[in-house]
Structure formats: C-alpha cells, structure tokens
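Novice: The amino acid sequence is not available; the structure is as follows:
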C-alpha cells in the first residue's frame, strides 16, 4: 500500500513555516528604517534643499494632513474610480477575447497583427489623443486604464486556455461532455490561475493608466494633485501624494492576491509569497 | 439479471490510417475482434503496434477510417456522431490519472455523474462508496496532488466506475508507477474486477502484467498494427502473486517473449 506524498515530518515543517512567515515582519521595518535613515543623513550631509528632497518627517506630517483633508479623498476616489472602471472593462474584454482567440484559430490569425500593433505602440504616448477625443473628464482616464490593463489579461487568458492538458480533454471527451461543460468544468478552472496572473499585472497597469491620464488633463485625481503640488513647489506634499498612491497600489495588488487564494487554492501560485 | 445475448465489443474490419506531414501511417490493418461480456482482455505489443489506437477506437476517442464498431450490441458511431447511449457503457482509465487538480478526490470521482445531472447528495454518496471499493477511503476531501501516483490511479478507476459502465477501458494504467506499486495495483485491479464483473480491455507492454491479469491476450505487431496471435490464459481466479513463479506461468511468458523478439528482428 502506498502512502500520500509530500508530507515532511510535521514539527520540522511547521517550525520552518512559522519562521518563514514571521521573517518579512522583522526584516521589512529594519530595511525601511535604514532607508529613512540614509534619506535623513543624505539631506544633512549634502545640505539638500527641502524643495528638492524634503525630510522624511515633513513628508510624514504632510501625508497625515492629507488623510485629514476631504479634498484629498475626493481626488483619491476619482483615481480609484478610473482605475477600477478601466480594469473592469479590460477584464471583461480581455478574458472574453482571450478565450475566443485560444479556441478559434482563424480569429487568432486575423487579430494577431492588430494585437501585436496595440502592444508595440507606446500606449502612454496615446494619452494626449484620448484626452483630445474623450475630453478632460473621467472618461479619458478610464479608457487609458483599460487600454493598458487589457493586453496582459488577454494574453494570459489565451495562454491559460491553450495550456489545458490533452489528457484532461480526453477525460471530458470520453465522458461525452458538451462544449459548454468542457468550458465550464475544464477550460475555465484550468485557465483561472493564468487569468489571475493577468489581472495581477493588469491592475498595476490600470493605476499607471489612470494616473498618467490625470497628469495630462483635467482637474481631479491623485495624478492631477501630484502635478499641482509640484507646480506649487510643495515638495513634501508631492511626496505625500506619492506615498498615498503607493498605498493604493499595495491595496489593489493584495486584493488580487486574496482573490487568488480564494479562487485557486489548489494551484501552486496560491502558495507563492510574491 | 438477464444475460445479454451480444458481445461487449465487436470490430468488423476496423482499419485506421493517420495522416502525417510526410506519408499516411497505417496504424491498424483491417481487424475483426469480439470481446465477450465479462471478459478480461489484454492488448499486448511493442510501441507502434496500434494497441492504444485500438483501445481509443473502442472508447470513441478516435474514429476508425473504415469498418464498424459495436458496443453492447449498438453501433458506436452513427453518421459521424458518437452515440451517447453507447458511450455511457464505456469507462476509460488513462496512463496518467488525469484528475482535475482544482477538484477534491471525491469531486473528481463524482465528475461524470455531475455532467450527467445527478443530484449532489446522490453523486457524493456514490463517490464515497467507490473510494471504499478502490481502497482510498479517508482521502475523499484531499487535493489530487496530495495523493501518491498509485492512489491517484485508484481514484481514476473510481471515476471511470462512477456511472457504472459495463466496460472498463484501461490504457497502460500502471505504466507510470514503480514496480512494487504496480504489482499491488494489479492485485487490486483483479479484486475490483472480481467484485464488479465488468468487461475489461487493458493495454500494456508488460508481458507479466498481461499474463497475470488477462483471460485472453491479443499480441499485436507493428507496421501496420495487426493482431499477431491470440492466447487464452487458463489460470483460475483469484490469481495470487506466487502464480508468477510457477512453471506454467513462465511458459506462457516465454512464449510471448519469443514471439515479441521475432517481431523485433523482422522489423529491425
């Protein structure tokens, strides 16, 4: 009788896991502290003007002020809205088209030159065009976010659907499964880890898209706020906006990570830390 | 139960050509075959002899180029369409267990029933009963990756049995297992077969496995694939592992090995 595999001695394995889980909570504050120390030291030793590089303490106070300011939260909400709307469009179109392309050879061959074209054009360079076409309002930001996030979602979905094991298809065929059953019970769950990888890349690109859109046009959003602070030489507040954006990025990225652990707990990627 | 009047599987002049980039390959020359109800038939032969193609044609995964296939008295193909009613009599086990990694072991076993619209409670009860039959009780809720190769293959057998087909088709099911696990699985398969009394068609390239398990062995030869000889295996059931060291067992093994060696020389 053969036993289950992959069961290391329980105590040893568990102890190693505890140490590994605790490690980032110890190292991250230390590294962060060292970074802030270097920053502070550089300003003191180099005699750097606060207009070029504000002191960490000043940035921290500026950020706390920002958290208290309802206008800052309005800008935050506009960026969140543009990012998530663009991301939602990119997900629906990217996953849908990705599935179709992977299944219909003729569609892939027909669309391939255009997909490659949209990939090689520096999309950020198109932002002024979107502003021209769709105005200074939120629409142009949503579109930029969607265009940037779309491609990795499409390619990862298509890759996922194409990576389905032939043996698994044989099982479904021997069971006389309908096309819908093959999609619902085999192709979709099998491609899901790849789709989530696409979403992970896509959400980060969607934030970039909406912020770059805000840099170039309109009067709302964190991108706009950052440029406004820069133009006013309020460097400490500009840094505060930067921190604020980074927090937003972390939040979205971890949300996708949580989604991965909830939807594909069976897949190796759900046990990956980064 | 009324004894069915028809054989489990019938081939009438079944032939298979595969088209490749250079020349068409003659995978199986026109072959007649009858598999009796409840029989344990083994297809044995070197690679390229068409044994897997033959099995996949019985299973409806590959269409014959010409000829007719009947399963349980009904045509497998009709107007280029596989017949659902006929397919329901066939359960397939592959060399890889091919369990879906996103389903638990019992969900995998119950998958065929789910596709057929059997209610959840009923299909899970059936899956649990099958884990007992194949000897993996206690592992119902595990992911497939948590099982060893032998246990995964047991789960694959349970999945094939879930909808109670009359015929079990097995394509080198233990080919990827180590020698000791393989011998244990041969015994288990014999036990399951004696308990369920299915018709089994098993493909293997292990002579000892073929002689130990089969009621009848078809030795196939390559280029083109065809039946070289048929052999009845007379040993009573259940067969014990010790049987393999008996003179009678060794004599049959030797006969098959000599014929296989002749084939290799003819071909080489």
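Specialist: Structure's in. What do you need? The model shown is predicted, which means the values in this text are computed figures rather than measured ones.

Novice: Going by residue numbers, what spans are helices in chain A?
Specialist: Assigned by DSSP state H, the helices in chain A fall at A:10-46, A:56-67, A:70-103, A:105-120, A:127-134, A:138-162, A:166-174, A:179-181, A:188-216, A:222-231, A:235-263.

Novice: Nearest to residue B:200 among the ones you listed would be which one?
Specialist: helix A:166-174 (15.4 Å; CB to CB). Just so you know, the C-beta spots here come from the backbone N, C-alpha and C atoms, and that holds for glycine as well.

Novice: how far off helix A:188-216 does the closest one point, in degrees?
Specialist: 120 degrees (axes from the mean of the first three to the mean of the last three CA atoms, to 10 degrees).

Novice: Who are the packing partners of helix A:166-174?
Specialist: Helices and strands touching helix A:166-174, by 3 or more CB pairs under 8 Å, 6 or more residues apart in numbering or on different chains; DSSP states H and E, are strand B:90-93.

Novice: what's next to the strand it packs on, contact-wise?
Specialist: A:170-171, A:174, B:58-61, B:71, B:153, B:156-157, B:159-163, B:165, B:167-171, B:173, B:198 (CB atoms under 8 Å, 6 or more residues apart in numbering or on different chains).

Novice: from these, which would you call buried?
Specialist: A:170-171, A:174, B:58-61, B:71, B:153, B:156-157, B:159-163, B:165, B:167-171, B:173, B:198 (16 or more other CB atoms under 10 Å in any protein chain shown).

Novice: among these, which are in strands?
Specialist: B:71, B:167, B:168, B:169, B:170, B:171 (DSSP state E).

Novice: Correct me if wrong: the first one contacts residue B:57.
Specialist: Meaning residue B:71. No: the criterion here is CB atoms under 8 Å, and residue B:71 misses it with residue B:57 at 10.6 Å.

Novice: Does residue B:127 belong to a helix, a strand or coil?
Specialist: helix (DSSP: H, G, I helix; E, B strand; the rest coil).

Novice: how close does it sit to chain A?
Specialist: In this view, residue B:127 and chain A are 15 Å apart by CB to the nearest CB, to the nearest Å.

Novice: wait, what's in contact with that residue?
Specialist: Here residue B:127 is in contact with B:106, B:107, B:109, B:110, B:113, B:140, B:158, B:162 (criterion: CB under 8 Å, 6+ apart).

Novice: Can you name the residues of the stretch 101-250 of chain A that neighbour chain B?
Specialist: Contact residues, the stretch 101-250 of chain A versus chain B (CB under 8 Å from any CB of the partner chain): A:165, A:167-168, A:170-171, A:173-177, A:181, A:185-186, A:189-190, A:192.

Novice: Buried only: go through those for me.
Specialist: A:168, A:170-171, A:173-177, A:181, A:185-186, A:189-190, A:192.

Novice: Now pLDDT too, for the residues you listed, in CSV please.
Specialist: Output for those, formatted as CSV (pLDDT from 0 to 100):
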residue, pLDDT
A:168, 96
A:170, 95
A:171, 96
A:173, 93
A:174, 93
A:175, 94
A:176, 91
A:177, 92
A:181, 94
A:185, 94
A:186, 94
A:189, 94
A:190, 94
A:192, 94
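
Novice: Which residue, neighbours along the chain excluded, lies closest to residue B:141?
Specialist: What sits nearest to residue B:141 in space, not counting adjacent residues and going by CB to CB, 6 or more residues apart in numbering or on different chains, is residue B:104, at 5.3 Å.

Novice: Correct me if wrong: the one you found contacts residue B:140.
Specialist: Yes: at 6.9 Å, residue B:104 counts as touching residue B:140 under the criterion of CB under 8 Å.

Novice: From the centroid of chain B, which residue is nearest?
Specialist: Central residue of chain B (CA atoms, centre = their mean): residue B:170, 2.0 Å from the mean position.

Novice: give the contact list for that residue.
Specialist: So residue B:170 contacts B:55, B:92, B:93, B:189, B:200, B:201, B:202, B:203 (CB under 8 Å, 6+ apart).

Novice: Which ones among these lie within helices?
Specialist: B:55, B:189.

Novice: Check the contacts of residue B:170 and tell me the two furthest apart.
Specialist: Most distant of these, by CB to CB, are B:55 and B:189, 15.5 Å apart.

Novice: Look at those two and report which has more neighbours.
Specialist: residue B:189 (25 against 21; other CB atoms under 10 Å in any protein chain shown).

Novice: And for the closest residue to the more buried one other than its chain neighbours, the neighbour number?
Specialist: Excluding its sequence neighbours, the residue lying closest to residue B:189 (CB to CB, 6+ apart) is residue B:213, at 6.6 Å. Other residues lying near residue B:213 total 23 when counted by other CB under 10 Å.

Novice: where does residue B:213 land on pLDDT?
Specialist: Residue B:213 carries a pLDDT score of 95 in this model.

Novice: Please list all residues in contact with it.
Specialist: B:40, B:42, B:186, B:189, B:190, B:202.

Novice: Same question for residue B:150.
Specialist: Per CB under 8 Å, 6+ apart, neighbours of residue B:150: A:2, B:177, B:181, B:184, B:185.

Novice: Give me the subset of these lying in helices.
Specialist: B:181, B:184, B:185.

Novice: Residue 85: what's its closest spatial neighbour, skipping adjacent residues?
Specialist: Picking chain A for this. Nearest non-adjacent residue to residue A:85 (CB to CB, 6+ apart): residue A:142, at 4.6 Å.

Novice: To clarify, I was referring to chain B.
Specialist: Going by CB to CB, 6+ apart, residue B:85 has residue B:74 as its nearest residue, at 6.6 Å.

Novice: What is the burial count for the nearest residue to residue A:126 once chain neighbours are set aside?
Specialist: Once flanking residues are discounted, residue A:126 sits nearest to residue A:147: 7.4 Å by CB to CB, 6+ apart. Using other CB under 10 Å, residue A:147 is surrounded by 22 other residues.

Novice: Tell me who's in contact with residue A:147.
Specialist: Residue A:147 neighbours (CB under 8 Å, 6+ apart): A:86, A:90, A:118, A:123, A:126, A:130, A:209.

Novice: show me the contacts for the last one.
Specialist: The one in question is residue A:209. Residue A:209 neighbours (CB under 8 Å, 6+ apart): A:83, A:86, A:123, A:141, A:144, A:145, A:146, A:147, A:148, A:149.
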